[in-house]
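# Pasted the sequence and its predicted model underneath.
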Amino acid sequence: MKFLTVVVFLFSGLLGHDNSVSKAKKLNDDVNFIEKFESQDPNIQLMIENLKKDFTNQKSQVNDKYKIKKENLKKQRQQEIETLRASFKNKIKRLREKYPNDIKKNKNKAKKRVMKPKPLDKTKSIYDDPRKSDKNSSKKIIKKKKTLKKNK
């Protein structure tokens, strides 16, 4: 039984490992296929270098073109969502005018806020600002704590 579980785990690990390596290798082959070519002849090597430069330039142009398209699509999506929201707000407004007593705004759902931490109240701090003073010794702090507790 133990032997069977060891064999199953061993083979499952090896099979999964081979797939990930082959996928990564395939991606690197696609990206760097132009880098593999070399020649001993200087004229041919110069032509290969020119082809590499042309390839990288055209690739960057394609990437830039698609970045612009993605940005335009994002803006278009935002505009469509805004028009959709405006149209639905108008529809709800008409429904509220038609049925004023039946439709109410749910304030709990409308104002879902993220709870943010409150800033520290620095007037009640027993510590001096370390940028201005280096007198944060423990004896002075303990004395300040005791006086603050007595004042409360």
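Sure, I can see it.

# so where's the chain shaky on pLDDT?
Applying pLDDT under 70 to the chain flags the ranges 1, 6-11, 13-31, 107-113, 119, 126-152.

# can you pull out the strands in it?
With DSSP state E as the definition, the chain shows no strands.

# thinking residue 52 is in contact with residue 33, fair?
No - judged on C-beta atoms under 8 Å, residue 52 makes no contact with residue 33 at a distance of 10.6 Å. The C-beta positions use only the backbone N, C-alpha and C, and glycine is treated the same way.

# So the two - more neighbours on which side?
Counted by other C-beta atoms under 10 Å, residue 52 and residue 33 do not tie: residue 52 has more neighbours, with 13 against 10.

# list the contacts for the more buried one?
Contacts of residue 52 were listed using C-beta atoms under 8 Å, 6 or more residues apart in numbering, and they are 34, 35.

# what's the neighbour count on residue 88?
With other C-beta under 10 Å as criterion, residue 88 counts 10.

# again with residue 96
Count around residue 96 with other C-beta under 10 Å applied: 14.

# Verify the stated contact: it with residue 103.
Yes - here residue 96 reaches residue 103: they are 4.9 Å apart, a contact under C-beta under 8 Å.

# Residue 45 and residue 116, how far apart?
Here the criterion is C-beta to C-beta, to the nearest Å. By it, residue 45 lies 61 Å from residue 116.

# okay, these two: which has more neighbours?
residue 45 (13 against 6).

# Let me know whether the more buried one touches residue 38 as I believe.
Yes - if you go by C-beta under 8 Å, residue 45 and residue 38 touch, sitting 6.8 Å apart.
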